[in-house]
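**Student:** sequence and predicted structure are below.
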Amino acid sequence: MSIVVNELVKVYGEQKAVNKISFSVQKGEIVGFLGPNGAGKSTTMKMITGYLSPDSGIATVNGINVTADPINAKRNIGYLPEANPLYFEMYVKEYLDFIAGVHEIKNKKQKIKDVIELTGLGAEQKKKISQLSKGYKQRTGLAAALIHDPEVLILDEPTSGLDPNQIIEIRNVIKEQGKNKTVLFSSHILQEVQAICDRVIIINKGILVADDKLSNLQQHRTTNTVRVSFKEALEPEWLKRLRGVSRVTKLDSFSWQIETSDGNEVKKQLLELSLQHNLNIVSLQSEGGSLEEIFRTLTTSNKE
């Protein structure tokens, strides 16, 4: 159960939407696929699922070349595209019955019942799809992607249109599915990616700029942030004089944000400063780069 992408290229006119991207995702992995609008995420996903043919390169799903044998490849894939295609005049159960028939699923009634329960569609199952909110339309698309119990899930913005409670429910569904499946999903909600994924792939302008565990990306950041609050007010120059400090930002009368290459060293110096000048530290914490900071750094540094 795996996705292997090797040197994928897709060109539109004079623009390389995807430029020699290579990566793999294995069973039991939930990998976040990130990039700004127009970076090539959806194009890559469409090539992996066989809905677009690459101009060069190969995508395989469970060892099946998607271009050479698209039908067999698609049998292994559950795909939720960004523009969720649904038959709005169908009822939810009717639509899922239709999708189950396309996949030639045995015991359709039980499968439909199971996937409705899994995606929280119970209260809406007898409605026409056109009557559903955007969030429930998204759930219907997810149910259709899951109904044939695929080994590989490709989810393009699966939480789009969901309210915070629904996001948590669908997050749990994805995490549960990821225990025994290969999951690649994109999202603009970086907090969701951080909550679900250990590993992220980031592309920018069609080029892969990061593929690593989130913890490693955070560890290799050159800048860390230290936040400190004092009981007393003090001048920013006191903090700027500390070794390794690159920037000091005042958050309020007593709180400061310090950017540094060595968070532990700055924390040590802050404790020494408080002892020397009889200051009271109320709180002191450091953090590596958040996913948002990492994303911005990797996708803005190459701007022309």
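**Tutor:** Structure's in. What do you need?

**Student:** what about the strands in the stretch 201-304 of the chain?
**Tutor:** With strands called from DSSP state E, counting those that start in this stretch, the stretch 201-304 of the chain shows them at 207-213, 224-230, 245-250, 255-260, 281-287.

**Student:** who touches the last one?
**Tutor:** Contacts of strand 281-287 from elsewhere in the structure, counted by Cβ atoms under 8 Å, 6 or more residues apart in numbering, are 224-231, 254, 263-264, 266-267, 270-271, 274. All C-beta spots, glycine's among them, are computed from the backbone N, C-alpha and C.

**Student:** domain-wise, how is the chain divided?
**Tutor:** As assigned by automatic domain parsing, the chain contains the domains 2-218, 222-287.

**Student:** any idea which of the ones you listed is most buried?
**Tutor:** Among the domains of the chain, ranked by average contacts under mean count of other Cβ atoms under 10 Å, first place goes to domain 2-218 (a mean of 18).

**Student:** quick check: mean pLDDT across it?
**Tutor:** Confidence for domain 2-218, expressed as mean pLDDT, is 93.

**Student:** between the two ends of that domain, how far is it?
**Tutor:** End-to-end distance for domain 2-218: 26 Å, by Cα to Cα, to the nearest Å.

**Student:** circling back to that earlier point, got the domains of the chain as CSV, with distance to residue 293 columns?
**Tutor:** Below are those laid out as CSV (distance: least, Cβ to Cβ, whole Å):
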stretch, distance to residue 293
domain 2-218, 9
domain 222-287, 8
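
**Student:** do you have the helices of the stretch 151-300 of the chain handy? List them.
**Tutor:** Per DSSP state H, counting those that start in this stretch, the stretch 151-300 of the chain carries helices over the ranges 164-177, 190-196, 214-219, 236-240, 263-276, 291-300.

**Student:** quick check, nearest of the contacts of strand 281-287 to residue 192?
**Tutor:** Distances from residue 192 to the contacts of strand 281-287, taken as Cβ to Cβ, are shortest for residue 225 (21.9 Å).

**Student:** is the closest one in a bridge, and if so with what?
**Tutor:** Under DSSP bridges, the beta-bridge partners of residue 225 are residue 259, residue 287.

**Student:** picking that back up, would you reformat the strands of the stretch 201-304 of the chain as CSV and include distance to residue 71?
**Tutor:** Compiled in CSV, these are given as follows (distance: least, Cβ to Cβ, whole Å):
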stretch, distance to residue 71
strand 207-213, 29
strand 224-230, 50
strand 245-250, 55
strand 255-260, 53
strand 281-287, 48
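
**Student:** select, out of the ones you listed, the one closest to residue 105.
**Tutor:** strand 207-213 (34.7 Å).

**Student:** and the angle from the closest one to helix 291-300?
**Tutor:** Note on geometry: by axes from the mean of the first three to the mean of the last three Cα atoms, to 10 degrees, strand 207-213 and helix 291-300 are set 150 degrees apart in direction.

**Student:** could I get strand 207-213 in PDB with only the CA atoms?
**Tutor:** Output in PDB follows, covering the C-alpha atoms of strand 207-213 (Å, rounded to 0.1, in the frame of the first residue of the first chain):
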ATOM      1  CA  ILE A 207       8.900  22.500  -7.200                       C
ATOM      2  CA  LEU A 208       9.300  20.400  -4.100                       C
ATOM      3  CA  VAL A 209      10.800  22.500  -1.300                       C
ATOM      4  CA  ALA A 210      10.400  20.300   1.700                       C
ATOM      5  CA  ASP A 211       9.700  16.600   2.500                       C
ATOM      6  CA  ASP A 212      10.300  15.700   6.100                       C
ATOM      7  CA  LYS A 213       8.900  15.000   9.500                       C
END
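
**Student:** that one pairs with which strands, and in what direction?
**Tutor:** Here strand 207-213 is paired, per DSSP bridges, with strand 199-204 (antiparallel).

**Student:** my read: residue 42 touches residue 186, true?
**Tutor:** Yes - Residue 42 sits in contact with residue 186 when judged by Cβ atoms under 8 Å, with a separation of 7.4 Å.

**Student:** what do these two both touch?
**Tutor:** Common neighbours of residue 42 and residue 186 (criterion: Cβ under 8 Å, 6+ apart): 82, 156.

**Student:** pLDDT wise, what is residue 288 at?
**Tutor:** 61.

**Student:** now do residue 304
**Tutor:** pLDDT, residue 304: 41.

**Student:** excluding its backbone neighbours, what's nearest residue 130?
**Tutor:** residue 88 (3.9 Å; Cβ to Cβ, 6 or more residues apart in numbering).

**Student:** reformat the helices of the stretch 151-300 of the chain as JSON lines; add distance to residue 97.
**Tutor:** Formatted as JSON lines, these follow (distance: least, Cβ to Cβ, whole Å):
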{"stretch": "helix 164-177", "distance to residue 97": "21"}
{"stretch": "helix 190-196", "distance to residue 97": "30"}
{"stretch": "helix 214-219", "distance to residue 97": "40"}
{"stretch": "helix 236-240", "distance to residue 97": "65"}
{"stretch": "helix 263-276", "distance to residue 97": "56"}
{"stretch": "helix 291-300", "distance to residue 97": "39"}
